[in-house]
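Undergrad: sharing a model that was predicted from the sequence below.
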Amino acid sequence: MAAFAVTETSGEPAWKTIPSWALIGRDKIIPTAAHEAAAKVAHTKVQEIDSSHLSMVSHPGAVARLITTAARTS
């Protein structure tokens, strides 16, 4: 059963049909360029923030505003 979990195709990526949003900070774990490249591929609406990897902890208001904006826009 475990092998089936990694060999079955997942189907069409959700970002192809559902609007995507990203909050990109100055992450030392995942380089900003990697975030930006992934966002570009997914046609993501990007908001930049002066934050580390855990922006949801250090800047919860900014994260909540982005989620609210995304929910109202989608």
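TA: Looks like it came in fine. Here the structure is a predicted model, which is why all the values come from computation and not from measurement.
Undergrad: report the distance from stretch 65-74 to the chain centre.
TA: Put simply, stretch 65-74 sits 13 Å off its chain's centre (CA atoms, centre = their mean, to the nearest Å).
Undergrad: quick one: average pLDDT of it?
TA: Regarding stretch 65-74, the rounded mean pLDDT is 89.
Undergrad: got a list of what I49 touches?
TA: Taking CB atoms under 8 Å, 6 or more residues apart in numbering as the definition of contact, the neighbours of I49 are 23-25, 55, 59, 62. The way it works is simple: take the backbone N, C-alpha and C, and place the C-beta from them, glycine included.
Undergrad: kindly report the same for A37.
TA: Remark: with contacts taken as CB under 8 Å, 6+ apart, A37 is in contact with nothing.
Undergrad: isn't there a helix covering it?
TA: Yes: inclusion of A37 in a helix is indicated when DSSP: H, G, I helix; E, B strand; the rest coil is applied.
Undergrad: roughly how far apart are it and A22?
TA: With the distance defined as CB to CB, to the nearest Å, A37 ends up 11 Å from A22.
Undergrad: tell me where the model's unsure across this protein.
TA: Scanning the chain with the threshold set as pLDDT under 70 gives 1, 74.
Undergrad: tell me where it has helices.
TA: Assigned by DSSP state H, the chain shows helices spanning 2-7, 32-41, 55-58, 60-73.
Undergrad: nearest to W15, out of the ones you listed?
TA: W15 sits nearest to helix 32-41 of all these, at 8.2 Å, using CB to CB.
Undergrad: do you know which of the helices of the chain lies nearest P13?
TA: Each of the helices of the chain was scored for nearness to P13 using CB to CB, and the closest is helix 32-41 (9.6 Å).
Undergrad: state the distance from the closest residue to S20 other than its chain neighbours to K16.
TA: Nearest-residue entry for S20: T44, 4.1 Å, with adjacent residues in sequence omitted and distances by CB to CB, 6 or more residues apart in numbering. The span separating T44 from K16 equals 12 Å under the rule CB to CB.
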